[in-house]
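A.B. asks: Need a 3D model of the following:
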Amino acid sequence: MLKIIKTALLLFMLLWQINVFSQYSRLPTSIQKEINRLNEKINQSLSRYSAYSLEDTTVQLFTFFEFRIKDSISKNELINGSFLQKLNPIYFGYRKGRCRHYPFEKYIDSLLDAKTFIYSSEEKIIAMFNYHRKGKRRYYFTSIDNENFIYSRPPCFDALVEYIWNKKNLLVFWMHIGDGICTHFIVNEQSEVSVFYEDRKNGNYKVVPVSEYLDEIGIDYLNARGGRIKK
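C.D. replies: All right, here's what the predicted structure looks like:
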């Protein structure tokens with residue numbers, strides 16, 4: 001009985017962070033539904049994952065999404081958070097071993113394109129959520145100690161996780177408006193937007209309000225790298 005209680009408590013700690021954000025009102029309905037679908041798959045996989053001690057209460061689960069914006073957005077929309085309504089999902093779909101970024105309806109199954117990791121406060125990353133294996137529809141967590149573990153994440157993720165470790169109810173995502181792959185947008189319940197990015201001058205990671213980020217990097221520079229930001 002005690003083992004069951006410990007298991008339930010650990011799963012609650014892991015799932016609380018993603019589920020609490022699943023009803024964020026500023027997101028488009030289409031993305032809201034797909035976040036819920038992804039949560040369901042993650043929850044199912046967690047129930048089968050037991051590569052860590054049940055007594056370990058220092059683990060947390062983090063999901064970093066990838067979105068895109070098809071239309072131009074204004075600087076004011078970025079600052080006040082209203083650009084969230086213009087977010088479009090990117091799917092990780094697969095069929096017969098072919099995958100990534102193809103139209104959702106053409107595939108047997110698909111999920112939001114996102115990276116999900118289990119981190120330990122002492123050991124850093126300990127597991128990664130995988131969508132498929134050799135073309136088969138499978139969802140599972142792979143331990144970092146597993147021979148099939150694929151270490152495919154930018155090194156800045158460790159710094160990003162360290163910053164948001166004790167901060168709950170955040171939406172963290174990457175999109176094609178930013179200076180480099182490490183640039184992630186962080187949105188809280190009040191629609192306040194901040195940006196995590198690597199300072200090109202010294203290589204340090206910074207987190208600043210989106211308004212400060214736009215002023216520092218420059219809208220012209222971001223647009224030259226694929227952004228569609230109206231001044």
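
A.B. asks: Show me the residue sitting in the middle of the chain in space.
C.D. replies: Geometric centre of the chain, nearest residue: residue 64, 1.0 Å, by Cα atoms, centre = their mean.

A.B. asks: Can you pull out the low-pLDDT segments for this protein?
C.D. replies: By pLDDT under 70, the low-scoring segments of the chain are 1-25, 50-57, 93-109, 123, 131-137, 146-153.

A.B. asks: For the protein, just list every one of the strands.
C.D. replies: Assigned by DSSP state E, the strands in the chain fall at 59-68, 73-74, 88-89, 91-95, 98-99, 109-112, 114-120, 124-133, 136-143, 171-174, 184-187, 193-198, 205-209, 229-230.

A.B. asks: how about those, which one is nearest residue 222?
C.D. replies: strand 229-230 (6.1 Å; Cβ to Cβ). C-beta: built from backbone N, CA, C; applies to glycine.

A.B. asks: follow-up on the earlier one: isn't the residue nearest to the centre of the chain right up against residue 172?
C.D. replies: Yes - counting by Cβ atoms under 8 Å, residue 172 is a contact partner of residue 64 at 5.2 Å.

A.B. asks: got any residues that touch both of the two?
C.D. replies: 160, 184 (Cβ atoms under 8 Å, 6 or more residues apart in numbering).

A.B. asks: that older thread, TSV please, covering the strands of the chain and showing distance to residue 162.
C.D. replies: Listed next are the strands of the chain as TSV, based on distance: least, Cβ to Cβ, whole Å:
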stretch	distance to residue 162
strand 59-68	11
strand 73-74	29
strand 88-89	28
strand 91-95	26
strand 98-99	31
strand 109-112	24
strand 114-120	9
strand 124-133	9
strand 136-143	21
strand 171-174	13
strand 184-187	13
strand 193-198	11
strand 205-209	9
strand 229-230	29
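
A.B. asks: Out of these, flag the one nearest residue 45.
C.D. replies: For the strands of the chain, distance to residue 45 was read as Cβ to Cβ. The smallest value, 5.0 Å, belongs to strand 136-143.

A.B. asks: Show me what that closest one is packed against.
C.D. replies: helix 29-46, strand 124-133 (3 or more Cβ pairs under 8 Å, 6 or more residues apart in numbering; DSSP states H and E).

A.B. asks: List the buried residues for the longest one?
C.D. replies: Applying a neighbour-count criterion of 16 or more other Cβ atoms under 10 Å, one finds 31, 34, 35, 38, 39, 41, 42, 45, 46 buried in helix 29-46.

A.B. asks: For the residue nearest to residue 163 when sequence neighbours are not counted, list the residues it contacts.
C.D. replies: Once flanking residues are discounted, residue 163 sits nearest to residue 207: 5.8 Å by Cβ to Cβ, 6 or more residues apart in numbering. Residue 207 makes contact with 163, 186, 194, 195, 196, according to Cβ under 8 Å, 6+ apart.

A.B. asks: what pairs with the closest residue to residue 223 other than its chain neighbours across the strands?
C.D. replies: The spatially closest residue to residue 223, leaving aside those adjacent along the chain, is residue 229, at 5.9 Å (Cβ to Cβ, 6+ apart). For residue 229, the beta-bridge partners are residue 73 (DSSP bridges).

A.B. asks: Straight-line length of stretch 156-174, end to end?
C.D. replies: Using Cα to Cα, to the nearest Å, the end-to-end distance of stretch 156-174 comes out at 13 Å.

A.B. asks: Off-centre distance for it?
C.D. replies: A distance of 9 Å separates the centroid of the chain from that of stretch 156-174, by Cα atoms, centre = their mean, to the nearest Å.

A.B. asks: got the buried residues for it?
C.D. replies: 156, 157, 159, 160, 161, 163, 164, 170, 171, 172, 173, 174.
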